[in-house]
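Chemist: Sequence first, then the predicted structure, then my questions.
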Amino acid sequence: MKVLIIGSGGREHALIWKIAMSPKVKKIYCAPGNLGIETVKLGSGLKVAKGLTPFVENIPIQVHELDKLVKFAKEKKIDLTIVGPEAPLIFGIADLFARNNLPIIGPAKKAAQIEGSKVFAKELMAKYGIPTAKFAVFDSFHKAKLYIEAQKFPLVIKAEGQCFGKGVSVCQNKKEANKFLENIFKKKIFDREGKRIVIEECLEGQEVSFMLATDGKDFVSLLPSQDHKRVNDCDRGPNTGGMGAYAPVPFVDKKLIKRIEKEIVIPALRGMQKEGCQYKGILYPGLIITRDGPKVLEFNCRFGDPETQPLMMLLKTDIVDLFEALVDKKLKNYKLKWYKGAAVCVVLTAKGYPGEYEKGKIIYGLPKPFARGTLAKAVMVFHSGTKILNGKLVTLGGRVLGVTARGKNLKDAIKNVYKYIGKKGVYFPGMHYRKDIGKKAVV
Ligand code: AMP
Ligand code: GLY
């Protein structure tokens, strides 16, 4: 079969690395893809089913060019499309593909509101009794300002709509909260977005990423994972797109997984059905495990990045088989198989990230881009921001690479991943990475 992946990050590289192992797949396209993704066709670190040549091709169509994407999928007779980032889903790519009888993994526009609209998600949770932070919704500066006068701090302000990852502020005091309100309503830093806001209580606990595949009725949970969003060790510094992740999460045991499914996943799927927007695709509730149990911080309508990288290294089941079961509504009693142990992804970032960052630095120590099998089977380097300049591999994005390793347990996976990072392994000038990915979960 022919598969199309939409997106260009480490998440998409990891998905393609895994999809390319499926004996069912003859050809993979990625729009727009990245440099690492194209190396999959050369077999770097890839285990290929005997007799098959995986062939991955990047195509120059951007994720927001929905008409071009559907035209391409029709022309190439794509059998299955997987959407990486949320934006095309929020803009309705799944509806467009469905109208053209093209199978796609991702929710319809109406259902993708669960990520696209903070207000929609909070109202859904309130209506269907899904545990989440107490909240109130506002559409004017004055009402919001008046409300925070009487609140305890810290509290959290969330702007509605797509705010490029900057729409949430955990405010420590009234001054910070007022400044954020002014930025949203007066300076309009989110342009047309951010007209409505959610103000909610600040919850305490460890965050967990809980992803599942669902046809709207039945679902299969993936292993719980944990992202590390702050740029520096010990969760200090500004928020980023994710500095690393590991899976599974030792403190999320079977009992807690059952509780998450019962209190959060099932009511969310039933609620979406009742609201007339059955959810089909990957659902990713971002949770916080509080003293009173798991609560939802947000819902995402897609795979997490970088959590997908360790998950793909742990997944034993052919992921294309899972996607087919989702499309065919055969998820009831579907069981995923996982490798034993744990996996850790450490993201290497460019100097300055998440602010203005350096570009064009030469990357050393990668398995010759592109030579075969130079990495141990249990380690993969997923690309997110690289390019070739004058024949050399250089940095392009803020998040550059995600070194990902498996181990017989979390401690072992951590040891394995860090062996590959630094002057004796993968390295570029100005490189920054967290030294503590997964460490707080090691007992
Ligand atoms: P969100 O986009 O809603 O996930 O928010 C981004 C980040 O802000 C989360 O990953 C949390 O670290 C933090 N956050 C959001 N809501 C809350 C909350 N109610 N309490 C504590 N932290 C929060
Ligand atoms: N890892 C956070 C996200 O994918 O939204």
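Modeler: In hand now; what should we look at? Residues are numbered from 1 along each chain as shown. Ligands and ions are numbered 1, 2, ... in the order given.

Chemist: From here on, just use CA atoms for contacts and neighbour counts.
Modeler: OK.

Chemist: Any stretches of this structure with poor pLDDT?
Modeler: Low-confidence segments of the chain (pLDDT under 70): 41-54, 192-194, 367-377.

Chemist: Recalculate using a threshold of 80.
Modeler: For the chain, the stretches with pLDDT under 80 are 39-54, 161-166, 191-195, 367-378, 443.

Chemist: Show me how far the longest helix belonging to it is from its chain's centre.
Modeler: Counting residues, the longest helix found in the chain (DSSP state H) is helix 174-185. Counting by CA atoms, centre = their mean, to the nearest Å, helix 174-185 is centred 28 Å from the centre of its parent chain.

Chemist: Contacts for whichever helix or strand comes after it next, please.
Modeler: For helix 174-185, the following helix or strand on the C-terminal side (DSSP states H and E) is strand 197-201. With CA atoms under 8 Å, 6 or more residues apart in numbering as the test, strand 197-201 has contacts from 118-119, 133-139, 154-160.

Chemist: One more pass at 6 Å, please.
Modeler: Contacts of strand 197-201 from elsewhere in the structure, counted by CA atoms under 6 Å, 6 or more residues apart in numbering, are 133-138, 155-160.

Chemist: what's the closest residue to Ile363 other than its chain neighbours in contact with, if anything?
Modeler: Among residues not flanking Ile363 along the chain, Phe428 sits closest, at 4.6 Å (CA to CA, 6 or more residues apart in numbering). Counting by CA under 6 Å, 6+ apart, Phe428 touches 362-364.

Chemist: ok, of those, which come out buried?
Modeler: 362-364 (16 or more other CA atoms under 10 Å).

Chemist: Which of those residues sits closest to Val296?
Modeler: For those, the residue nearest Val296 by CA to CA is Ile363; the value is 38.7 Å.

Chemist: That closest one is in contact with Val394, isn't it?
Modeler: Yes. Counting by CA atoms under 6 Å, Ile363 touches Val394, with 5.3 Å between them.

Chemist: Quick check: residues of this protein near ligand 1?
Modeler: 133, 156, 168, 200-203, 297-298 (CA under 6 Å from any ligand atom).

Chemist: And the residue nearest to Val137 when sequence neighbours are not counted, how close does it get to Pro154?
Modeler: Spatially, and ignoring its direct neighbours in sequence, Val137 is nearest to Val198 (4.6 Å; CA to CA, 6+ apart). As judged by CA to CA, to the nearest Å, Val198 and Pro154 stand 14 Å apart.

Chemist: Those two: which is more packed in?
Modeler: The neighbour comparison of Val198 against Pro154 (other CA atoms under 10 Å) goes to Val198, with 21 against 16.

Chemist: who does the more buried one bridge with?
Modeler: On the basis of DSSP bridges, Val198 is bridged to Val137, Lys158.

Chemist: sec struct for the closest residue to ligand 2 within the stretch 251-400 of the chain, please.
Modeler: Closest to ligand 2 within the stretch 251-400 of the chain is Gly304: 3.3 Å, counting by CA to the nearest ligand atom. Under DSSP: H, G, I helix; E, B strand; the rest coil, the three-state class of Gly304 is coil.

Chemist: Neighbours of it, how many?
Modeler: 27.

Chemist: same deal with the one 10 residues further on?
Modeler: Number of residues near Leu314 (other CA under 10 Å) recorded here: 24.

Chemist: before we move on, what about Gly241?
Modeler: Residues near Gly241, counting by other CA under 10 Å: 20.

Chemist: Would you mind measuring from it to ligand 2?
Modeler: Look at Gly241 and ligand 2: by CA to the nearest ligand atom, to the nearest Å, they are 6 Å apart.

Chemist: tally of neighbours for the closest residue to that residue other than its chain neighbours?
Modeler: In space, Gly241 comes closest to Lys229 once its chain neighbours are excluded; the distance is 6.4 Å by CA to CA, 6+ apart. Neighbours of Lys229 under the rule other CA under 10 Å: 18.

Chemist: got it, and Thr290?
Modeler: Neighbours around Thr290, by other CA under 10 Å: 13.

Chemist: same check, this time on the one 3 residues further on
Modeler: By other CA under 10 Å, 14 other residues sit near Gly293.

Chemist: Report the beta-bridge partners for it.
Modeler: Counting by DSSP bridges, Gly293 forms beta bridges with Thr290.

Chemist: Quick check: residues of the stretch 101-250 of the chain near ligand 2?
Modeler: So far as CA under 6 Å from any ligand atom goes, the stretch 101-250 of the chain lies against ligand 2 at 227, 242.

Chemist: And the helices in the stretch 101-250 of the chain?
Modeler: Along the stretch 101-250 of the chain, the stretches classed as helices by DSSP state H, counting those that start in this stretch are 109-116, 118-127, 141-149, 174-185.

Chemist: Point out the most buried one among those helices.
Modeler: Mean neighbour count (mean count of other CA atoms under 10 Å) peaks for helix 109-116 among these, with a mean of 24.
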